[in-house]
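> next comes the sequence, and after it the predicted model I'd like to discuss.
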Amino acid sequence: MKNVFLFLATGFEEIEALGTTDILRRGGVRVSTVSIMGELQVMGAHNIPVVADYLFEDADFSAADALVLPGGIPGSNHLNTCTRLKELVMQKYEEGKLLAAICAGPMVLGGLGLLKGRKATCFPYFEPTMVGAIPTENGVEQDENIITCKGPGFVFDFGLTILKNLKDEEIAEEVAAALLVANPESSKAES
């Protein structure tokens, strides 16, 4: 089973974190939510409390196939100032693992220099935080092992793109059909 770790910090965007978690779990991916805040319960940007599966310091990331960084303010800022998380992101990048960030989350990847020369997208006005990236207006952008997403309105496309990478197109299409949404890759193929 593929393993994904999704990181929560106070002020995270609930739709992005929980929607992505839901889509991936429907596709048979083990998703562990991880609090970087020192407490399991983390308050979202819209005052929805979520109980994480693990504290950062208690999680074993050795089997990680992907890391996911949701957006939200100040959630993304907290992620971006978490040295342990940034070290983990660099380690998994060097291992060739999948990195995915949505909304303001790509600021973490940009600050680490991982978006230089790559196509990437993020929430409007956060483009300067994607240091060295080639910004696009696409809802979801994938460049090699990095997936970025513009924001909460594209959470289905984001989750399905991650799922396609971790599993396959057929499973992503099955999940998309069950959710009554179009899979972004199958939509491109039809046009």
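Sure, I can see it.

> CA atoms for contacts and neighbours, from now on please.
Noted.

> can you give me the strands in this structure?
Assigned by DSSP state E, the strands in the chain fall at 3-8, 30-35, 41-43, 49-51, 54-55, 66-69, 98-102, 119-120, 134-135, 140-143, 146-149.

> out of those strands, nearest to G75?
Among the strands of the chain, the nearest to G75 by CA to CA is strand 3-8 (7.3 Å).

> show me what that closest one packs onto, helices and strands only.
Applying 3 or more CA pairs under 8 Å, 6 or more residues apart in numbering; DSSP states H and E, we find strand 3-8 packed against helix 14-26, strand 30-35, strand 66-69.

> quick one: strands adjacent to it?
When pairs are called by DSSP bridges, strand 3-8 turns out to pair with strand 30-35 (parallel), strand 66-69 (parallel).

> make a markdown table out of the helices and strands packed on strand 3-8 and add mean pLDDT and mean neighbour count.
Shown next, in a markdown table, are these (pLDDT from 0 to 100; neighbours: other CA atoms under 10 Å):
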| stretch | mean pLDDT | mean neighbour count |
| --- | --- | --- |
| helix 14-26 | 98 | 21 |
| strand 30-35 | 98 | 22 |
| strand 66-69 | 98 | 26 |
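
> I'd like those laid out as TSV, including distance to F126.
Listed next are the helices and strands packed on strand 3-8 as TSV, based on distance: least, CA to CA, whole Å:
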stretch	distance to F126
helix 14-26	16
strand 30-35	24
strand 66-69	15
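
> gap between the most centrally placed residue in the chain and C82?
With distances taken as CA atoms, centre = their mean, V68 lies nearest the centre of the chain, 3.1 Å away. Distance, V68 to C82, using CA to CA, to the nearest Å: 14 Å.

> next one: A133
For A133, the distance to C82 (CA to CA) stands at 22 Å.

> for A104, same thing?
15 Å.

> more neighbours: which of these two?
Neighbour totals were compared for A104 and C82, and A104 leads with 32 against 15 (other CA atoms under 10 Å).

> and the nearest residue to that one once chain neighbours are set aside, what pLDDT?
The shortest distance from A104 to any non-neighbouring residue, by CA to CA, 6 or more residues apart in numbering, is to G71 (4.7 Å). pLDDT, G71: 97.

> how deep is G71 tucked in, by neighbour count?
By other CA under 10 Å, the residues close to G71 number 34.

> confidence score at G139?
Listed pLDDT for G139 reads 98.

> that one contacts K150, correct?
Yes - checked against CA atoms under 8 Å, the pair G139 and K150 is within contact range at 5.1 Å.

> identify the contacts common to those two.
T121 (CA atoms under 8 Å, 6 or more residues apart in numbering).
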